[in-house]
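Novice: With the sequence up front, the predicted model follows.
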Amino acid sequence: MKLTTEPGKGGKLRIYCDGEYVASVDLDTWYSMNYFDGSEIDSDELAELKTSIDNRLAYARALRYLTLRAHSEGELYNKLLTKHSAESAQYAIEKCGELGFLDDVDFARRFASELAQNKHYGVQRIKNELYAKGIDRSIINDTVSELDFDFVESIKKVIEKKYYSNLFDEKGRGKIIAALMRLGHNYSDIKTALSCYPETEADENEC
């Protein structure tokens with residue numbers, strides 16, 4: 001079988017094997033593979049070439065994702081799977097990890113803190129969000145146990161911003177409780193926060 005190339009879009013080369021399209025690569029990648037236009041190649045070498053190209057492309061894509069924002073290993077792996085083989089996705093994950101670009105413990109801590117401070121999520125919602133990012137349950141449990149955050153004060157901020165007008169009747173307070181539980185707060189913290197507010201507009205605040 002013979003490899004041939006032709007110019008592609010964006011300064012890339014389109015690679016063909018016996019006239020069948022294989023992949024598009026940048027010039028540096030092509031020259032680093034020790035092939036040239038007209039190289040003879042067998043089926044095993046072709047399979048190895050395809051894997052090598054996919055590995056490089058997966059790694060380059062992983063770096064692009066990581067420049068946009070931090071990712072967990074699981075989240076990044078799943079994203080790569082939409083464009084690359086499982087083998088190449090794992091290759092990219094391992095290489096990013098070796099270079100220090102991936103750290104699930106640090107990611108979990110930062111993400112949990114962001115969810116608590118900026119979105120006012122409670123512990124259960126934070127756990128769910130971390131799990132959805134592919135974080136291991138043991139890391140999730142350690143992360144939330146170490147989270148230094150006043151959830152009662154966070155609940156009060158949510159109440160004052162969104163639900164203050166619902167405080168003064170039983171039905172309204174029920175809506176507040178339901179909304180806060182959807183944010184992942186536990187019932188004990190919600191009741192503690194609600195106890196700081198009057199049940200009628202004529203009452204005085206208790207906190």
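Specialist: Looks like it came in fine. No experiment lies behind these values; they were computed from the predicted model shown. Numbering: from 1, shown residues only.
Novice: what's the helix or strand of the chain with the lowest mean pLDDT packed up against?
Specialist: Scoring the helices and strands of the chain by mean pLDDT, DSSP states H and E places helix 27-32 at the bottom, with a mean of 77. Counting contacts by 3 or more CB pairs under 8 Å, 6 or more residues apart in numbering; DSSP states H and E, helix 27-32 is packed against strand 13-17. Using the backbone N, CA and C atoms, a C-beta is placed for each residue, glycine as well.
Novice: Name the residues of the next helix or strand after the strand it packs on that come out as buried.
Specialist: For strand 13-17, the following helix or strand on the C-terminal side (DSSP states H and E) is strand 20-25. By neighbour count with 16 or more other CB atoms under 10 Å, strand 20-25 contains the buried residues 22-25.
Novice: Adding pLDDT and distance to residue 43, write the residues you listed out as CSV.
Specialist: Putting the buried residues of strand 20-25 into CSV (pLDDT from 0 to 100; distance: CB to CB, whole Å) gives the following:
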residue, pLDDT, distance to residue 43
22, 82, 13
23, 78, 16
24, 81, 21
25, 80, 20
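Novice: Need the pLDDT of residue 38.
Specialist: On pLDDT, residue 38 comes in at 81.
Novice: ditto for the one 5 residues further on
Specialist: What the model reports as pLDDT for residue 43 is 82.
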